[in-house]
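Q: 3D model of this:
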Amino acid sequence: MTETTELSQREVRGFGLGDLKSTFLSFIAVALVLPTAGAESVRKPAAHPSCYSVRDYGAKGDGTTKDTAALQKAIDACHADGGGVVLLPAGRYLSGTIYLKSNVEFHLTAGARLVASPDRADYNPDDAFPENRAIPHERVSGAHLIICYRQENVALTGQGTIDGNSEAFYKPARPGTYATFRYKNGTRGNDVDWRPSQLIHFCISRGISVRDVTIVDAPFSNLFLQACRDVQVRGVRISQPPASHSDGIVVDFSRNVTISDCLISTGDDCICIFTRFRTGLGEEAVACENVTVNNCILRTPCNAFRVGVGDGDIRNCTINNIIIPEARTAISIVARYSERVEHGASIERVLFSNMIADVCTPIVMDVGPGATRPAAIRDVSFSRLRFRAWAGSQLVGSPEVPL
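A: Residues are numbered from 1 along each chain as shown. I've put the predicted structure just below:
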C-alpha cells in the first residue's frame, strides 16, 4: 500500500503543463469528429428496450378505431420479452377487454384515455375463467375492460384516465329522478339493456400495484381485487355517477393490501372489505386479512366503508386518516347481508381511527338477519372519530351471534 501511494504521488507531481496541453489538444481533436447536436444519432435517442409503445403495434388513439388488438399485442410482446413498460401515449383509445400479464406495467401517460367499447362482442365471455360471474337480475354481464388473471408483478400506473363510458349503457334518466350524496333516489341500474361487470378485475394475482390513475364513469364497480396477495393501491382517483352496485374499491378474499391517498366519489360503497364472491375460488377462498386504508377522501350516497357481507373470515384491518364530506353511512359492518349468505362473516380485529365525517348515520354494526356461528363481530375499535350526523348509530347483535 505504501509503495502504491508513493508512486501515485510521484506521478501526480510529474504531471506538468506540457502534459496538460497535450491532453487538451487531444480532447479538441476528438470533439471535432463527434456529430453535432443536430445529427440524427443524438436528435432521436433509441427507445429503452423494455418500453413498448402501443402506437408501435398499430394503436391509433383517435377515439373511433377499436384499439383492443393493438394494445394486447404490446402487452403480449412485453411479457414475452421478460417484462417492462407498455406505454399508452396521449390519445383516446377505444377498447374492449385487455389482459394484463406478469412483469408488465401498463402505463397511461398524461392525456391518455382508455375508453370502454359499447359493444358486447369486444369483451371477454362470461365464462372466461371459472371465478368470473354475471349478475342476470342486474342485467350485468361478466365482461371487464381490464383483466389480470393468475399473474404476478403487474402494475397499472400513470396520470391518464380509464373511462368506463357509462352513458353508452344506460338509458336516459327519467324526468324527476335524482341522486345526491345524501340519499339515492332514481339511481341508475336496472334500466340498462346490458352492462359490463367490474371495470378492472384482478383475480388470484400477486404483487399488484395500481397507482395514480383516474377511473371515471364505470357502469358497475370500479376496481375489484379478488383473492389477490400483496397489493398496493395508491393515489387513485375514482369519479362515478350513482348506479346500482357501483362500488369504488372492493377487496374480496385478499391479503396484504394497502390503499392510500385516494379520492373516491361513487354511486355505491366507496371501499369494501368482503368475503363475498366465493364462486370458483376453491382453496383460494382464504381469509381477507391484513388490509390497511389510509389518507383517503370519500363521497357516496351509500356507505363510505362496507365490511363483511359474505361468508368467511375478515381480520386485521386498520382504517386511518379518513375524511367523508358526504355519505349516507360512514361505516357499515354487517356479518350476514342476505339469505343468499349461508351464515355470515366472522369479523374481528378491525380498527377505525382519525375520521371526520358529515353523514346521515355514523355507524351501522349488525350481525344481520339469521346470522349463525361461525359468524361474529368482535374486537372492533373506534378512536378519534368526529361525526356530524342526522341520525344515531345502530349496533345490533342477536342471541346466536352477540356483538
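
Q: Confirm Arg113 sits in a strand?
A: Yes: counting by DSSP: H, G, I helix; E, B strand; the rest coil, Arg113 falls inside a strand.

Q: tell me which element Ile356 is part of?
A: strand 345-366 (DSSP states H and E).

Q: and Gln151, how many residues sit next to it?
A: 22 (other C-beta atoms under 10 Å). Where you see a C-beta, it was placed from the backbone N, CA and C, and this is true even at glycine.

Q: Quickly note the distance from it to Asn103.
A: 9 Å (C-beta to C-beta, to the nearest Å).

Q: now swap in Trp194 and tell me
A: 34 Å.

Q: between the two, who's got more neighbours?
A: Asn103 (17 against 13).

Q: what's the closest non-adjacent residue to that one?
A: Excluding the flanking residues, the one nearest Asn103 by C-beta to C-beta, 6 or more residues apart in numbering is Gly83, at 2.8 Å.

Q: Surely the one you found is in contact with Val104?
A: Yes: between Gly83 and Val104 there is a contact at 5.9 Å, judged by C-beta atoms under 8 Å.

Q: Can you name the residues that contact Ser221?
A: Residues in contact with Ser221 (C-beta atoms under 8 Å, 6 or more residues apart in numbering) are Ser197, Gln198, Leu199, His245, Ser246, Asp247, Gly248, Val250, Asp268.

Q: 6 Å instead?
A: Contact analysis of Ser221 by C-beta atoms under 6 Å, 6 or more residues apart in numbering lists Gln198, Asp247, Val250.

Q: Which single one of these is nearest to Gln240?
A: Nearest to Gln240 among these: Asp247, at 9.3 Å, using C-beta to C-beta.

Q: Could you measure from the closest one over to Cys78?
A: Asp247 is 30 Å from Cys78, by C-beta to C-beta.

Q: More neighbours: these two, which one.
A: Asp247 (27 against 22).

Q: tell me the contacts of the more buried one?
A: Ser221, Asp268, Asp269, Cys272.

Q: between the residues you listed, which is closest to Ile363?
A: Asp269 (14.6 Å).

Q: what about the closest one, distance to Lys171?
A: Distance from Asp269 to Lys171, by C-beta to C-beta: 24 Å.

Q: Who has more neighbours out of those two?
A: Asp269 (27 against 9).

Q: Quick check: mean pLDDT of stretch 271-280?
A: When pLDDT is averaged along stretch 271-280, the result is 79.

Q: Same check on stretch 226-238?
A: Per-residue scores along stretch 226-238 average to 97.

Q: List the contacts of that stretch.
A: So stretch 226-238 is contacted by 202-215, 222, 225, 248, 252-264, 277, 281, 284 (C-beta under 6 Å, 6+ apart).

Q: what's the span of it, first residue to last?
A: 19 Å (C-alpha to C-alpha, to the nearest Å).

Q: where does the stretch 201-350 of the chain have low pLDDT?
A: Where the stretch 201-350 of the chain drops to pLDDT under 70, the residues are 242-244, 277-285.

Q: Can you show me the strands along it?
A: Counting by DSSP state E, counting those that start in this stretch, the stretch 201-350 of the chain has these strands, from start to end: 206-211, 214-216, 223-226, 229-234, 237-239, 249-252, 255-260, 263-265, 271-274, 288-299, 303-308, 312-334, 345-366.

Q: What helices and strands are in contact with the second one?
A: Spelled out, that is strand 214-216. The elements that strand 214-216 packs onto, with contact taken as 3 or more C-beta pairs under 6 Å, 6 or more residues apart in numbering; DSSP states H and E, are strand 161-163, strand 237-239.

Q: deepest of the ones you listed, which one?
A: strand 161-163 (a mean of 23; mean count of other C-beta atoms under 10 Å).

Q: partner strands of that one, parallel or antiparallel?
A: Using DSSP bridges, strand 161-163 pairs in its sheet with strand 112-116 (parallel), strand 214-216 (parallel).
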